[in-house]
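Student: Curious how this folds, go ahead:
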Amino acid sequence: MLRAIRKSIRRTHKMTDQTAAPRDMANAIRALAMDAVQLADSGHPGMPMGMADVATVLFSKFLKFDASEPNWPDRDRFILSAGHGSMLLYSLLHLTGYADMTLDELKKFRQLGARTAGHPEYGHASGIETTTGPLGQGLGNSVGFALAERLLSERFGRDVVDHFTYVIAGDGCLMEGVGQEAITLAGHLGLGRLIVLFDDNGISIDGPTSLSTSEDHKKRFAAAGWHVLAVDGHDAEAVTRAIRKARNVTDKPSLIACKTVIGYGAPTKAGTAATHGSPLGKDEIAGARAKLGWSHGPFDIPEAVFSAWRKIGARGKLARRKWNKNLAAMAPEDRAEFDRRQKGDLPPAVGEAITAFKAKIAAEKPSWATRKSSQEALEVINPVLPDTVGGSADLTGSNNTKTATLKGASRADAAGRYIYYGIREHAMAAAMNGMALHGGIIPYGGTFMVFTDYCRPSIRLSALMGVRVIYVMTHDSIGLGEDGPTHQPVEHVAALRAIPNLAVFRPADAVETAECWQLALARRDGPSVLALTRQGLPTQRTQHTDENLCAGGAYEIVAADGEARASLLATGSEVAIAVAARDLLQADGVPTRVVSMPCWEAFADQSPERQAAVLGPGTIRVAVEAASPMGWARWGVDESEMIGMTSFGASAPAKELYAHFGITAEAVVNAVKRKL
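Tutor: Numbers count the residues shown, from 1 in each chain. The predicted structure follows:
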């Protein structure tokens, strides 16, 4: 009798598995999205309801992943660029069995401390590949993910690096400027393993997209060199055929325009902006359940559907086991290198190369611009650190970001470690985030400091996610000279320092530049900005030490002769001005010391005792920096007397500008004497 009951149960489960149709599985996503948004009284149900059919096809038939090993290096990457529809992703992660995406987490959607933030947050839960929400960022990240896959596959082979990057993007992602930059860059590079599923629902917050745009996105992508397909996003078979075709195109990225109805299933609000960013309401949800044939209560998923989804989550185990065998079969040196790069460790040769470079610089005492110093440091770093992938936004010769061992990336050369990003600062930054998130790559890219304005949203996301991206920002002050105030940063250093978890390095000479590169490379939990000069600077550190003095953020670079009465605080190019002022004050009987402060963020992490010792207890403090005085008060400096910039710059040679704006050794001396 008991045996018969067990057989009956097994038969029932088998039958119910067979009746878990794709539409039922998609409706599970719709129901969870409706319920979570309603419970939170906040969120965006429309996109998850509209793209549920497409996502079901992707996850059930194509996406290579193993929910039990979410960080498997050779998984396909799924990026929800339309991050406002986060319940689509959270529902998929829960249904497929990601351990940390429980039903309780869905019920805590948008609540303090939950993994289910309003927009997907990298690091909050497994399976969230990147932080999205600012529209277009995920699309920009995807270019970096696809680039990283191609580079690593070329290095280690298809047996261990063989995956796709899939993106769900909406109208907003394509309207944003970063979206267009990313589209043209991906098409130019021929990233054939990048597939974008466009939620073509024709709705934005204001209403129909026809209110604000009339372009043909499919023609736009085709013109940028993409393979373009269009399907009914609610026809599972059509979506299946389209993805299969896209996967077979190897020389172009693919766009699949999926015509969908936002809020699909909602009886009165489907196809309207009313479903975009507000709960549907109890009556509309009840009507949607009836229309979809979903008779189950809130957050209730029938066993047949739930079981079918969990099988999808486990489907990748076989592929992962095969991959593990391929990994084990690698040559020992290749396996060790692959593992090192996946962990993000730096080889010892990097530190050794930088130490030797510092000794050479201290002996030779060049008067390089720090942008040139940066390039010379990279010349010794890049050969011993194959993880680096450099680039510039059409300023290679000015940023000095390309070194002798780096070849340019192109369709024809998949191994190129230097990206010519073109005039696409925003896409450059977004793509670098994608490369860093993918793993195995340490990206750096350059432009002028003033153009951090063009890529600031991605820099902010680098910091929010805590990823190792290095921004090489040259021409960092009025010292760039004749290009004038449009190109001369004034407020930019202060604005960058205001971003949490962003390390801003402003080195004073070639030795400090090398040390700042070493610190940026070692910084695994956040991005760095290297603020570098156009104008030449004298070498200040002429006595070699193996110790990285910049690691503490600030240090005494020149001591006082006698008991110090004044401490001059400076960064970057103005350290030379402070040293000259110190010599004048010493000659006038005022013992003075100079403190170089290349990284405020690192200095802020020091103990109060060390900070006080470096800043100079019992001395007056005067600061000099060719930038906005904002922020200097935290170091005990009277910002009203700080030697810096309180206006925009002007067009003239650098030396004339420094004199015109009063950023001189004499001005520093006068400030000290006034305070004395």
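Student: show me where the stretch 251-400 of the chain has helices.
Tutor: Residue ranges of the helices in the stretch 251-400 of the chain, as given by DSSP state H, counting those that start in this stretch, are 282-292, 303-314, 317-328, 332-343, 348-364, 370-381, 396-399.
Student: for the stretch 1-150 of the chain, that is, sorry about that
Tutor: Using DSSP H, counting those that start in this stretch, the helices found in the stretch 1-150 of the chain span residues 2-18, 22-40, 46-57, 86-96, 103-107, 137-156.
Student: For the second one, name the packing helices and strands.
Tutor: So that's helix 22-40. Contact here means 3 or more C-beta pairs under 8 Å, 6 or more residues apart in numbering; DSSP states H and E; on that basis helix 22-40 packs against helix 46-57, helix 86-96, helix 103-107, helix 282-292, helix 303-314. Any C-beta I mention is one placed from the backbone N, CA and C, and that applies to glycine too.
Student: buried residues in the third one?
Tutor: What it means is helix 103-107. Across helix 103-107, burial judged by 16 or more other C-beta atoms under 10 Å covers Glu105, Leu106, Lys107.
Student: okay if I get those residues as JSON lines plus pLDDT?
Tutor: Putting the buried residues of helix 103-107 into JSON lines (pLDDT from 0 to 100) gives the following:
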{"residue": "Glu105", "pLDDT": "98"}
{"residue": "Leu106", "pLDDT": "98"}
{"residue": "Lys107", "pLDDT": "98"}
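Student: Ala238: which of those residues is nearest?
Tutor: Leu106 (29.6 Å; C-beta to C-beta).
Student: quick one on the thing from earlier: just name the most buried of the helices and strands packed on helix 22-40.
Tutor: helix 46-57 (a mean of 29; mean count of other C-beta atoms under 10 Å).
Student: now that one: how far from the chain's centre is it?
Tutor: For helix 46-57, the distance from its own C-alpha centre to the chain's C-alpha centre is 26 Å (C-alpha atoms, centre = their mean, to the nearest Å).
Student: helices and strands around that helix, which ones?
Tutor: For helix 46-57, where contacts count as 3+ C-beta pairs under 8 Å, 6+ apart, the packed elements are helix 22-40, helix 86-96, strand 165-170, strand 194-200, helix 236-247.
Student: and Asp74, which of these is closest to it?
Tutor: Here strand 165-170 is closest among the helices and strands packed on helix 46-57 (C-beta to C-beta), at 12.4 Å.
Student: list the buried ones in the closest one?
Tutor: Thr165, Tyr166, Val167, Ile168, Ala169, Gly170.
Student: pLDDT on it, on average?
Tutor: Averaged across strand 165-170, the pLDDT comes to 98.
Student: Neighbouring strands - and their directions - for that strand?
Tutor: strand 77-80 (parallel), strand 194-200 (parallel) (DSSP bridges).
Student: so which of the buried residues of helix 103-107 would you say is closest to Ser153?
Tutor: Closest to Ser153, out of all of the buried residues of helix 103-107 and judged by C-beta to C-beta, is Glu105, at 34.2 Å.
Student: Contact partners for that closest one?
Tutor: Tyr90, His94, Ala114, Arg115, Thr116, Ala125 (C-beta atoms under 8 Å, 6 or more residues apart in numbering).
Student: now with 7 Å?
Tutor: Ala114, Arg115, Thr116 (C-beta atoms under 7 Å, 6 or more residues apart in numbering).
Student: so how far is Ser42 from it?
Tutor: Distance of Glu105 to Ser42, given as C-beta to C-beta, to the nearest Å: 16 Å.
Student: Next: Ile381.
Tutor: The spacing between Ile381 and Ser42, counted by C-beta to C-beta, is 47 Å.
Student: For those two, indicate the residue with more neighbours.
Tutor: Ile381 (25 against 15; other C-beta atoms under 10 Å).
Student: Tell me how many other residues surround the residue nearest to Gly649 when sequence neighbours are not counted.
Tutor: In space, and not counting its chain neighbours, Gly649 is closest to Gln488: 3.6 Å by C-beta to C-beta, 6 or more residues apart in numbering. Residue neighbour count, defined by other C-beta under 10 Å, stands at 27 for Gln488.
Student: Retrieve the pLDDT associated with Gln488.
Tutor: Predicted confidence (pLDDT) for Gln488: 98.
Student: List the contacts of the nearest residue to Ala514 once chain neighbours are set aside.
Tutor: Excluding the flanking residues, the one nearest Ala514 by C-beta to C-beta, 6+ apart is Ala377, at 4.5 Å. By C-beta under 7 Å, 6+ apart, the contact set of Ala377 is Phe357, Thr513, Ala514, Trp517.
Student: What of Ala627?
Tutor: Contacts of Ala627 by C-beta under 7 Å, 6+ apart are Ser477, Pro489, Val490, Val493, Ala494, Gly644, Met645.
Student: any idea how far Cys550 is from the most centrally placed residue in the chain?
Tutor: In the chain, the C-alpha nearest the mean C-alpha coordinate belongs to Asn433, at 2.7 Å (C-alpha atoms, centre = their mean). Asn433 sits 25 Å away from Cys550, taking C-beta to C-beta as the criterion.
Student: ok, now Lys107?
Tutor: To Cys550, Lys107 is 48 Å away according to C-beta to C-beta.
Student: Since that was my last question, I'll sign off now.
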